[in-house]
Each structure stands twice: as structure tokens, then as C-alpha cells.
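A.B. asks: When you get a sec, could you give me coordinates for this:
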Amino acid sequence: MNKAAKTAIDDSDRDLFRQAVADTQRLPHHGKLLRRQDAPPPYPVQSHLDEHAALEESLSADWTAQDWLDSGDEPNFVRAGVSRQVLRKLRSGAWVIQDQLDLHGLDRHQAHEALAGFLANCAKRGVRCVRVIHGKGLGSKNREPVLKIKVKYWLARREEVLAYCQARPVDGGSGALLVLLTA
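C.D. replies: Residues are numbered from 1 along each chain as shown. Model prediction:
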């Protein structure tokens, strides 16, 4: 379309608009400056729903007195949808430990890679129950259990991990975790 044709269309549109608004009058100016109000802060609806669901689940869960006694200060994890009975059986030694990974002497990067490789290998072989030895942190700087904390964090984020708990004293105690994997 050339420039002259475009101008003719624009003029035609302008004329139509002016005809449409010919009977209107300007609103009187009252001298007030209208300020737009700031929008209220967003309300985190999904976070609220998630917190409510977690609270409901915790109140309606089938917890026994033994579950409360077992929970203590020991590290444990159960994936959502998995029965707490699984954790109780794992803690009691009902599952046979089929393989283990010892992370002693590794830094956190090496340990993370070793754990990921170990879990992938276990999944390929169909291994269900393993022991991960992270140590107690006695050889760490300030004698803090760096790997103990990291390993719990890493395991809880792995899809193939159904549950974990601190090993029984005979299986390594507070220096190891028993981990139950998906089939």
C-alpha cells in the first residue's frame, strides 16, 4: 500500500471517529490530581494451600506411640505417600543391606558424585537396601559432620530414595544411613 492510500484511510478513520464522538462533552476538570493506588502485595495462595495440606496430613496421619518414640533426634526421611511402617522396618533391620558406599576421605564434591553414581548403579542392578557411610565428622574442620548433613540433603532429593534412617549401632550408628530404594 502506498503512502497516499494509507493517508486516505487514516483520514477516513479520523472522520468516522469524530462523527461517533460528536455529541460528547469534556468532563469538567475539578482540580484534583487522581493518583493510582498501588496494587496490594500478592497473596501466596499455593504456599498457603501447601502449608494447610501438610498440617492436615500431619494431624490425620496414622502415627502410633512407637512412631513418636522412634522419631527422636535420629535423621530419618520417608517420601510422601510411603507408609511410616517402611521406616520402622528399615530402622529395625528387617531389610537386608545389599551394598554400601563409604565416603570417608572424600570432599563434598567427590562425595556428591560418588553418591549419585552409586545410587544409579544400584538402580540398574535392582538393589533395594544400601548403607551409606558418611562418617561422624571427627576428621573434619572444627569436627563438624559436613558430609552427614550433605548426604541427608542429597538423598531426600533423589527420586529413587523411598526412605532413610540412621543405621543401627551394629551397622555404623550415627556415622551411617540405611537407605531404601525403589525397585
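
A.B. asks: separation between Gly175 and Ser83?
C.D. replies: 27 Å (C-beta to C-beta, to the nearest Å). All C-beta spots, glycine's among them, are computed from the backbone N, C-alpha and C.

A.B. asks: Also Lys89?
C.D. replies: 9 Å.

A.B. asks: Kindly report the same for Gly31.
C.D. replies: On the measure of C-beta to C-beta, Gly31 and Ser83 end up 71 Å apart.

A.B. asks: Which one of these two is surrounded by more residues?
C.D. replies: Neighbour count, other C-beta atoms under 10 Å: between Gly31 and Ser83, Ser83 has more, with 13 against 5.

A.B. asks: what's the average pLDDT for the helix or strand hosting Cys165?
C.D. replies: Cys165 belongs to strand 161-166 when assigned by DSSP states H and E. When pLDDT is averaged along strand 161-166, the result is 92.

A.B. asks: what helices or strands is it leaning on?
C.D. replies: With contacts taken as 3 or more C-beta pairs under 8 Å, 6 or more residues apart in numbering; DSSP states H and E, strand 161-166 sits against strand 76-78, helix 84-92, helix 146-156, strand 176-181.

A.B. asks: Can you add distance to Ala114, mean neighbour count and mean pLDDT and give these back as JSON lines?
C.D. replies: Putting the helices and strands packed on strand 161-166 into JSON lines (distance: least, C-beta to C-beta, whole Å; neighbours: other C-beta atoms under 10 Å; pLDDT from 0 to 100) gives the following:
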{"stretch": "strand 76-78", "distance to Ala114": "20", "mean neighbour count": "19", "mean pLDDT": "89"}
{"stretch": "helix 84-92", "distance to Ala114": "22", "mean neighbour count": "17", "mean pLDDT": "88"}
{"stretch": "helix 146-156", "distance to Ala114": "10", "mean neighbour count": "18", "mean pLDDT": "89"}
{"stretch": "strand 176-181", "distance to Ala114": "14", "mean neighbour count": "25", "mean pLDDT": "94"}
